[in-house]
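Student: Sequence and predicted structure, then a few things I'm wondering about:
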Amino acid sequence: MAIKILKDDEIRDQVSLRYAGIATKGGSCCPGSSSACCSDPLGNPQASEKLGYSNEDMAAVPEGANMGLGCGNPQLLASLKPGETVLDLGSGGGFDCFLAAKAVGETGRVIGVDMTPEMVRKARKNAVNAGFKNVDFRLGEIEHLPVPDNSVDVIISNCVINLSPDKVGVFTDAFRVLRPNGRLAVSDIVALQPLSEEILGNVDAYCGCVSGAISVEELRKIMQTVGFSDISIELKPESRHFIKDWFKDAEKYVCSASIKAIKP
């Protein structure tokens, strides 16, 4: 089934199934995939070192929280401060949330939103087991955040926005929930050139953070139209070393980027 003819909810179902599999047994394939559903190029905890996390970071979170699902380290971009309220879009097993919780301290708060029930259950279990009391995991779509207006100081996300079929909706709702002068600090995938028909028409490529990527120019235009200012999109060419494992020739078409912006 070609991604380009899928409706938005069908895309979300495919993506949710893929990450439910990673949450529960370490890997799953999207329906219609020709590959064997036994392992996944995503979901490798050891990959976090390549993404910019330190050994201390990986040791500081509950067991099972670091799932290697990312394309960078938004913690390095966010400059979190004690007492801040942080929202993580697509929080998965809670890795970035737990690191953020340590940065904002007991007076701060971290909210993780994920649309996959298996991921939310996993993250909540990790929080209870490790005694994190300033982290709240919520089931929801990042285009329709279960968060009040003007209630968040910082939004982080790691390789999730590319998975949304409605990126305008993602940034519009992110803008809504940020407080004035709130900031966005995101690691995500962008397209370097028009994607091949093979990539565009492959379900695994969409679930694997490749065929949902948009260009830097399109991303910047969306963010400006929504209302963000001080937009910075910095490409990370070194990301090709791990992107090449995601899908055939993916490193030729997409790249990780560090994305920052402010809500005026």
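Tutor: Looks like it arrived, so ask away. Numbering: from 1, shown residues only.

Student: For stretch 117-130, give the mean pLDDT please.
Tutor: Mean pLDDT, stretch 117-130: 95.

Student: What are the contacting residues of it?
Tutor: Residues outside stretch 117-130 that contact it (CB atoms under 8 Å, 6 or more residues apart in numbering): 19-20, 23-24, 61-65, 91-94, 97-98, 112, 114, 132, 135, 137-139. The way it works is simple: take the backbone N, C-alpha and C, and place the C-beta from them, glycine included.

Student: Taking these, please make a PyMOL selection of just the buried ones.
Tutor: The PyMOL selection below is limited to those of the contacts of stretch 117-130 classed as buried (16 or more other CB atoms under 10 Å):
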select buried, resi 19+20+23+61+62+64+65+91+92+93+94+97+98+112+114+132+135+137+138
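
Student: which stretches of the stretch 51-200 of the chain form strands?
Tutor: Under the criterion DSSP state E, counting those that start in this stretch, the stretch 51-200 of the chain carries strands at the ranges 85-89, 109-114, 135-139, 152-158, 178-191.

Student: Spatially central residue for the protein, please.
Tutor: Val160 (2.7 Å; CA atoms, centre = their mean).

Student: can you tell me which of the contacts of stretch 117-130 are in helices?
Tutor: Judged by DSSP state H, helices contain the following of those: 19-20, 23-24, 97-98.

Student: Would you point out the most distant pair within those residues?
Tutor: Using CB to CB, the ones in helices among the contacts of stretch 117-130 reach their maximum pairwise distance at Ala20 and Phe98, which is 20.7 Å.

Student: out of the ones in helices among the contacts of stretch 117-130, who's nearest Pro264?
Tutor: For those, with Pro264 as the reference and CB to CB as the criterion, the closest is Cys97, at 26.6 Å.
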